[in-house]
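> okay, here's the prediction I keep looking at, along with the sequence it came from:
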Amino acid sequence: KILILDFGSQVTQLIARRVREAHVYSEVHPCDVTDDWVRRHAADGTLKGVILSGSHASVYEETTDKAPQAVFELGVPVLGICYGMQTMAHQLGGKVEGGHKREFGFAAVRARGHTALLRDIADYTTPEGHGMLNVWMSHGDKVVEMPPGFKLMASTDSCPIAGMADEARRFYAIQFHAEVTHTVQGRAILERFVRDICQARPDWVMRDHIAEAVEAIRRQVGDEEVILGLSGGVDSSVAAALIHRAIGDQLTCVFVDHGLLRLDEGDMVMDMFAGRLHAKVVRVDASERFLGKLAGVSDPEAKRKIIGREFVEVFKAEAARIKETHSRHVAWLAQGTIYPDVIESGGAKSKKAVTIKSHHNVGGLPEQLGLKLLEPLRDLFKDEVRELGVALGLPAEMVYRHPFPGPGLGVRILGEVKKEYADLLRRADAIFIEELREARDASTGKSWYDLTSQAFTVFLPVKSVGVMGDGRTYDYVVALRAVQTSDFMTADWAELPYALLKRVSGRIINEVRGINRVTYDVSSKPPATIEWE
Ligand code: XMP
């Protein structure tokens, strides 16, 4: 295995992810583990190498964090990244200085191809024969003097020592972040380190993660009971399946049906979890309660707040009931928090200036309920969660579904939410999704559902005139929305084939009595958002 020592960088988990991508097992531990701990950890001979992460502190503040010195005495390869390089330099007798200016962003690094780490890895070669790497830098301090035994491995104009190596001891260090995708060859560099230099066996697969996670959950929970809010979304579904695998009936899932779900969604969730996985699932039909509270409310933010608040209330009541009626101690609240959520909530404190949309948020719930938090997906990225879901036996259709917002159709029915509107919208939306799944793009062979990141139908509570047979109609309008995006922060409307749009509109107007007009939303984000409210 590879030991990753975390100095608090926001991207440490990305290092772990890259190591997983190289099919090598790794563990992330805080940098302040003791020398003794490190030696014990290495005693059985399975430790093949150590990676020292970056630190948030190297950008914003001073830090004196050091790696346990034992790391350098184990005889295994060590790779320092960013702050990890600086502490390596410092601890082994080199010199680090506060940079006069912070370097943040892209940089071109001249890589000296003579080290095992960077040999033959380059984005392009200069006429003089230097291998060049396009990398991502983010640092203030820098190494100004290499420790004894080290030679220069890479440099940039503003950072003459951007990489160094002591190949006899197999110590390598790079000032740039190899773990982020902006560093084009980053994946190759990390793979080279763990596979070739550390000689770690590339035999780790998602199934191993299941075994580890199951063990960890059992250890953490013991014989106590866990409750989990199941939404039918990817994250909570995968968390439920994983926890169920670990502790079976000690898990109770609570599925709150707010009446604003997609067509047949509630039944599908029940069928999957109660029917096929044999998990304990309590379905709370709260649609009347939600629709009642939403009656007469048309302001989008007010609607979001109501739905969020009611959701928490209903969940709390149900959790309290379960706590009272269960014989065993209910001590845990499980959540499908994934790594990007962790980053977002940490980052949100300093950055977020305005609230564009209040997100459905169940933060604070565990404290109110007196429960401990169980978050088995905390270290994983979305695509890994999906892979895990498939490995756990969830159907690919469920795991690769487009995201669905917590407030559901509540934000897709413009203005006041009524049951009649929700019923019409559900049927129109189901047709749109069905046709997207059916239609394949000739050049890629993929379905248009898979070619779009999110697609749905929006209900507009306005009526327009139409003609059907010999009669005049005066019915509602829906808008189709389909976007392509990699991060949902920006998005382009999808250029769906006209033939597909034609089929969808024809079917909706013919099959959903009450809708006589279909439009297609051709707005990108920004300035439009993906959802209409
Ligand atoms: P917008 O509309 O802001 O949406 O461009 C970006 C992404 O976030 C989803 N979304 C939500 N997800 N709770 C959620 O869980 C919410 O309240 C919420 N509002 C928007 C939206 O579907 C899109 O994927």
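Right, received. Where do you want to start? Numbers count the residues shown, from 1 in each chain.
> contacts and neighbour counts: CA atoms only from here.
Will do.
> quick one: low-confidence parts of the stretch 1-150 of the chain?
For the stretch 1-150 of the chain, the stretches flagged by pLDDT under 70 are 57-62, 99-100.
> point me to the residue of it nearest the ligand.
Across the stretch 1-150 of the chain, the shortest distance to the ligand (C-alpha to the nearest ligand atom) belongs to Gln10, at 21.7 Å.
> sec struct for that residue, please.
Of the three states, Gln10 takes coil under DSSP: H, G, I helix; E, B strand; the rest coil.
> need the distance between the two termini of stretch 442-454.
By C-alpha to C-alpha, to the nearest Å, the extent of stretch 442-454 from end to end equals 20 Å.
> avg pLDDT for that stretch?
For stretch 442-454, the mean pLDDT works out to 96.
> in that stretch, what counts as buried?
447-454 (16 or more other C-alpha atoms under 10 Å).
> now, those that are in strands?
Gln454 (DSSP state E).
> residue ranges with poor pLDDT in the stretch 401-533 of the chain?
In the stretch 401-533 of the chain, no residues with pLDDT under 70.
> what does it have sitting close to the ligand?
By C-alpha under 6 Å from any ligand atom, the part of the stretch 401-533 of the chain that sits against the ligand consists of 403-407, 488, 529-531.
> tell me the mean pLDDT for stretch 323-339?
pLDDT averaged over stretch 323-339 gives 89.
> just how off-centre is that stretch within its chain?
22 Å (C-alpha atoms, centre = their mean, to the nearest Å).
> got the buried residues for it?
Here stretch 323-339 shows 323, 330-339 as buried, counting by 16+ other C-alpha under 10 Å.
> and these, which is closest to Ala122?
Tyr339 (29.9 Å; C-alpha to C-alpha).
> just checking, the closest one touches Leu380?
Yes - in this structure, Tyr339 is within contact of Leu380 by C-alpha atoms under 8 Å, at 5.3 Å.
> tally of neighbours for the residue of the stretch 151-300 of the chain found nearest the ligand?
Residue nearest to the ligand within the stretch 151-300 of the chain: Gly233 (8.9 Å; C-alpha to the nearest ligand atom). By other C-alpha atoms under 10 Å, the residues close to Gly233 number 19.
> next one, pLDDT for it please.
In this prediction Gly233 is given a pLDDT of 91.
> that one: what's it in contact with?
Shown in contact with Gly233 (C-alpha atoms under 8 Å, 6 or more residues apart in numbering): 403-404.
> how much space between it and Leu394?
Counting by C-alpha to C-alpha - Gly233 and Leu394 are separated by 12 Å.
> same check, this time on Arg219
In this structure, Arg219 and Leu394 are 24 Å apart, going by C-alpha to C-alpha.
> secondary structure class for Thr519?
strand.
> got the contact list for it?
477-480.
> can you pull up the bridge partners for it?
Ala479 (DSSP bridges).
> and the gap between Gln220 and Lys323?
Taking C-alpha to C-alpha, one finds Gln220 at 19 Å from Lys323.
> anything in contact with each of Tyr339 and Leu380?
With C-alpha under 8 Å, 6+ apart, Tyr339 and Leu380 have common neighbours Gln13.
> next up, the contacts around the spatially closest residue to Gly259 that is not a sequence neighbour.
Counting by C-alpha to C-alpha, 6 or more residues apart in numbering, Gly259 lies nearest to Ser287, which is 4.1 Å off, once chain neighbours are set aside. Each residue near Ser287 by C-alpha under 8 Å, 6+ apart is listed here: 257-260.
> I'd say the residue of the stretch 1-150 of the chain closest to the ligand and His56 touch.
Yes - proximity of Gln10 to His56 meets the contact threshold set by C-alpha under 8 Å, at 6.7 Å.
> which of the buried residues of stretch 323-339 fall within helices?
323, 339 (DSSP state H).
> out of the buried residues of stretch 323-339, which comes closest to Thr473?
Nearest to Thr473 among the buried residues of stretch 323-339: Gly336, at 45.9 Å, using C-alpha to C-alpha.
> that closest one contacts Ala241, correct?
No - using C-alpha under 8 Å, Gly336 is not in contact with Ala241; the gap is 10.6 Å.
> His90: what's it in contact with?
Counting by C-alpha under 8 Å, 6+ apart, His90 makes contact with 96, 147.
> just say helix, strand or coil for it.
helix.
> likewise for Ile210?
Ile210 - assigned by three-state DSSP - is helix.
> ok, of the contacts of Ser287, which come out buried?
Going by neighbour count (16+ other C-alpha under 10 Å), the contacts of Ser287 have 257-260 buried.
> could you pull out the strands for the stretch 351-500 of the chain?
Per DSSP state E, counting those that start in this stretch, the stretch 351-500 of the chain carries strands over the ranges 372-374, 454-468, 471-484, 492-493.
> export the ones you listed to JSON lines and tack on distance to Arg112?
Shown next, in JSON lines, are the strands of the stretch 351-500 of the chain (distance: least, C-alpha to C-alpha, whole Å):
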{"stretch": "strand 372-374", "distance to Arg112": "46"}
{"stretch": "strand 454-468", "distance to Arg112": "44"}
{"stretch": "strand 471-484", "distance to Arg112": "40"}
{"stretch": "strand 492-493", "distance to Arg112": "41"}
